[in-house]
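Novice: pasting the structure only:
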């Protein structure tokens, strides 16, 4: 269950990272409210996952899910470049996440 909570926390990290783009420097109320809520819930869920997962593993996976998701949405929503180097780097992050999952008992 901790892994599922951790993945949701990572997805919420993606939500708040993308949400920051829509807040326009926290000058728009509803995008700002949604972004702050996603931030708080993401960190709370990370803390819950850390009750039973190693801190380093949990944090690395949380950041990795957030990084991969944010880059993918940047490509899909904002037309950011999908170069071979960027995609290969994302694949390495995903492999690292999978490796941490497999190495954690």
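Specialist: Done, it's in. Note that the structure is a prediction, hence the values are computed from the model and not measured. Numbering: from 1, shown residues only.
Novice: which residue packs closest to the most centrally placed residue in the chain, ignoring adjacent ones?
Specialist: The chain has residue 66 as the residue nearest its centroid, 1.7 Å off, counting by CA atoms, centre = their mean. Closest residue in space to residue 66, ignoring its immediate chain neighbours: residue 13 at 3.5 Å, by CB to CB, 6 or more residues apart in numbering. In this view, the C-beta of every residue, glycine as well, is placed from N, C-alpha and C.
Novice: who's in contact with that neighbour?
Specialist: 38, 42, 62-63, 65-66, 69-70 (CB atoms under 8 Å, 6 or more residues apart in numbering).
Novice: all helices of the protein, in order?
Specialist: Per DSSP state H, the chain carries helices over the ranges 2-23, 29-49, 55-78, 84-103.
Novice: would you reformat those as CSV and include mean pLDDT?
Specialist: Shown next, in CSV, are the helices of the chain (pLDDT from 0 to 100):
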stretch, mean pLDDT
helix 2-23, 97
helix 29-49, 98
helix 55-78, 97
helix 84-103, 97
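Novice: deepest of those helices, which one?
Specialist: Highest mean neighbour count among these (mean count of other CB atoms under 10 Å): helix 2-23, with a mean of 19.
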